[in-house]
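Chemist: kindly generate the corresponding structure for this input.
(chains A and B)
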Amino acid sequence: MNLLTATTRYYLLLTTGLFVLASALLYAGLPQVLRHETDEQLLSERLTLQRRVARGQPLPTDLLFAYQLGRSRQPRRLGYSDTLLLDEREQELVPFRQLTFRLDAGRGPEWLTLRQSLVERHDLRRVLLEVLLGALGLLLLGVVGLNRWVARRLWRPFEHTLARLRSYDLHQHRPLGLPRPPITQFAELNHALNQLSERLVADYESLRQFTENASHETQTPLAIIQAQLEQLLQAPTLAADEATLTLVGELLKTTRRLSRLHQSLTLLSRLENQQFAPAEAVPVHLEQVLRDRLDLLGPLLEARDLHLTLDVEPGLPPHLLHPGLADSLVQNLLQNAIKHNHPGGILAVALSKAALEVSNTGPAIAGDPNRFFERFRKHNAASDSPGLGLSIVQHICSYYGFRVRYDYVAGTSWHTLRVEFTT
Amino acid sequence: MKVLLVEDEAALRQAVTESLRQTGYVVEVAASFGQAQEKIALYRYDCVLLDLTLPDGDGLDLLRELKLDNSPAGVLVLTARDGLDDRIKGLDLGADDYLVKPFHLSELNARLRAIIRRRQFQGQHHLVFRDLLVWPEQNEVLVRGESLTLTRKEYDLLLYFLANPGRVLTKEAIAEHLCGDQVDAADSLDFIYTHLKNLRKKLQERGADNYIRTLYGVGYKLSSE
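Modeler: This is a model prediction of the structure:
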């Protein structure tokens, strides 16, 4: 719900509630008060009359209106009561309050009735409602109008902040730089957001430096270890010492593995942190990348007796990709299809405008297919391979907005990894 | 053949120098940008092995200088920078090839051999090893004058051995040489065995027996005796 609507709704509820309450109180209370006042007035008139009679003066006879005082020799019911008298002009009955008392002016007892006109109840009610409803209407209009104005004026910095946040691109790694509006709350909000974005930028920067340093600086000692071990392997004394030779060979292999692992992890975090400048992307013909890689992997296919089919739609336009990433994507897909194949199996590669499909025969893989893309996910726990290949595939795909899907047909043991180019 | 190794890491410099000398190169070293600049100006080299990250300058600047001077030296860039960034940049500036650290010394030998061959001999060069005669430009291999037919990968493999005579080559280095350095060597070693078996058999049929020796669990070696 709109903040404005919400606040207005509460205002309206409150004002309407208060008005209803006030109207009810007035409606019930005002006639009471009026009647009480009339009663006091009647009482005061009665006392005046009584005092006059006590002083020996006669009762007034020159009353302006006859209805103001009624006299009777017959006993009447004493005390206050309501009555209706005919208004001759309006030809209708009008409510009156009357007070009847007994007075002895020396010529025997007499019953006097003093009368006062009461305001007509339904007139009162009407006026009351009209005034209150009018005031209520004005108030509601005022509340809505004020809120509109407030929203337009006072909330403007907030709308501005919101628009800036909406268009904020995290990957540009620039602080927000929001202004400082005069309203304290908004100023605080902007300040907090500015701090947050600066913090993000700083974090990103340190992460970027770390990945950069890690990828450059760690490779140098690894290069030294590898070169020295390779030189050690050439030592003439080792030729006769098979155990040590094997040991050095293992060390060399492990060093290589460490270096590869490191490169893969660096690649993954660079992808996650969007550290490949879009400027480095060039038009890449995936067909060429495929052919180059398949050419290199030829001996592997041969050794495993794998049958390769390559199906490329003619005249495909190039994709705008980072050449290194395109190569890595293709390499990892192919390597995966070779690795999980069985000897004498099939490797099918199909490239079309919509997708790149790499399919292979191979034993069913236990577990949730969605988890195949997780890091360090190995099909064969004994394998030296770290199990990062598909993770890299997925990261490169999501980096370019491609969708990657895995399908398995149980009957033919047919695994397919499909990279869909259009999002 | 004379090469200049520009590398600031002493231990790596030493291992590479030793390996190159064993393979038969005359090696000079420069530990800094300044030293390298001086040597390039004073002497002629067949190839410069160039580390890009030097403490007192950018290796790419040296590359630019070499190109400006129209130096005949080949340039092999050795870089620890992430392969995904600098490879292409170095090659654009005129480097003959690049190698990303860490690299196999045997791979370095093979690349170096290829650069020098391409740059200097222009098809006139041949390789002789015991009874083998190889004309790299024609992709021709002769054993005692008789032509030997090899598949492309077998031929690549033979050239790789010839670039590293007498050196122990690990299976991983061979796998990466044949299938590209991105290949997951751990899962792809079985094919080396097949290719080596075939190459050996063909050599043996022509009487070139026992040229390639197996070091169990480690790799292979082209034996000179």
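
Chemist: give me the domain ranges for the chain.
Modeler: Reading this off chain A. A:3-147, A:156-214, A:218-272, A:278-420 (automatic domain parsing).

Chemist: try again with chain B
Modeler: Taken from automatic domain parsing, chain B resolves into B:2-121, B:127-222.

Chemist: in chain B, which spans are strands?
Modeler: B:2-6, B:26-30, B:47-51, B:53-54, B:57-58, B:74-79, B:97-100, B:127-129, B:132-135, B:140-143, B:146-148, B:168-170, B:212-215, B:219-222 (DSSP state E).

Chemist: include mean neighbour count, mean pLDDT and distance to residue B:162 when you put the ones you listed into JSON lines, please.
Modeler: Quick note: C-beta positions are derived from backbone N, CA and C, even for glycine. What follows is these, written out as JSON lines (neighbours: other CB atoms under 10 Å in any protein chain shown; pLDDT from 0 to 100; distance: least, CB to CB, whole Å):
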{"stretch": "strand B:2-6", "mean neighbour count": "22", "mean pLDDT": "95", "distance to residue B:162": "18"}
{"stretch": "strand B:26-30", "mean neighbour count": "18", "mean pLDDT": "96", "distance to residue B:162": "19"}
{"stretch": "strand B:47-51", "mean neighbour count": "26", "mean pLDDT": "93", "distance to residue B:162": "17"}
{"stretch": "strand B:53-54", "mean neighbour count": "20", "mean pLDDT": "86", "distance to residue B:162": "32"}
{"stretch": "strand B:57-58", "mean neighbour count": "13", "mean pLDDT": "88", "distance to residue B:162": "35"}
{"stretch": "strand B:74-79", "mean neighbour count": "24", "mean pLDDT": "90", "distance to residue B:162": "18"}
{"stretch": "strand B:97-100", "mean neighbour count": "20", "mean pLDDT": "87", "distance to residue B:162": "18"}
{"stretch": "strand B:127-129", "mean neighbour count": "14", "mean pLDDT": "86", "distance to residue B:162": "5"}
{"stretch": "strand B:132-135", "mean neighbour count": "18", "mean pLDDT": "88", "distance to residue B:162": "7"}
{"stretch": "strand B:140-143", "mean neighbour count": "18", "mean pLDDT": "90", "distance to residue B:162": "10"}
{"stretch": "strand B:146-148", "mean neighbour count": "14", "mean pLDDT": "90", "distance to residue B:162": "13"}
{"stretch": "strand B:168-170", "mean neighbour count": "26", "mean pLDDT": "92", "distance to residue B:162": "11"}
{"stretch": "strand B:212-215", "mean neighbour count": "16", "mean pLDDT": "90", "distance to residue B:162": "11"}
{"stretch": "strand B:219-222", "mean neighbour count": "22", "mean pLDDT": "91", "distance to residue B:162": "7"}
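
Chemist: now those as TSV including distance to residue A:159?
Modeler: Formatted as TSV, the strands of chain B follow (distance: least, CB to CB, whole Å):
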stretch	distance to residue A:159
strand B:2-6	60
strand B:26-30	63
strand B:47-51	55
strand B:53-54	50
strand B:57-58	49
strand B:74-79	51
strand B:97-100	51
strand B:127-129	77
strand B:132-135	77
strand B:140-143	78
strand B:146-148	80
strand B:168-170	66
strand B:212-215	74
strand B:219-222	69
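
Chemist: and the domains of chain A, which is most packed in?
Modeler: Of the domains of chain A, the one with the most neighbours on average (mean count of other CB atoms under 10 Å in any protein chain shown) is domain A:218-272, at a mean of 18.

Chemist: isn't residue A:407 right up against residue A:358?
Modeler: No - Residue A:407 lies out of contact with residue A:358 (CB atoms under 8 Å); the separation is 11.4 Å.

Chemist: and the longest strand along chain A, what does it pack onto?
Modeler: In chain A, taking DSSP E as the definition, the longest strand is strand A:92-104. Applying 3 or more CB pairs under 8 Å, 6 or more residues apart in numbering or on different chains; DSSP states H and E, one finds that strand A:92-104 contacts helix A:3-54, strand A:79-87, strand A:109-117.

Chemist: cutoff 10 Å now
Modeler: helix A:3-54, strand A:69-72, strand A:79-87, strand A:109-117 (3 or more CB pairs under 10 Å, 6 or more residues apart in numbering or on different chains; DSSP states H and E).

Chemist: so what strands line up beside the helix or strand where residue A:359 lies?
Modeler: For residue A:359, the element it lies in under DSSP states H and E is strand A:355-361. Paired neighbours of strand A:355-361 in the sheet (DSSP bridges): strand A:346-351 (antiparallel), strand A:414-420 (antiparallel).

Chemist: tell me the contacts of the closest residue to chain B within the stretch 201-350 of chain A?
Modeler: When scored by CB to the nearest CB, the stretch 201-350 of chain A has residue A:303 as its residue closest to chain B, at 2.9 Å. Shown in contact with residue A:303 (CB atoms under 10 Å, 6 or more residues apart in numbering or on different chains): A:338, A:343, B:188, B:189, B:190, B:191, B:192, B:193, B:194, B:195.

Chemist: residue B:210 now?
Modeler: B:200, B:203, B:204, B:223, B:225.

Chemist: ok, and the most crowded of these?
Modeler: residue B:203 (22 neighbours; other CB atoms under 10 Å in any protein chain shown).

Chemist: phi and psi next, for the residue nearest to that residue when sequence neighbours are not counted.
Modeler: Among residues not flanking residue B:203 along the chain, residue B:211 sits closest, at 5.7 Å (CB to CB, 6 or more residues apart in numbering or on different chains). Main-chain dihedrals, residue B:211, degrees, to the nearest 10: phi -80, psi -40.
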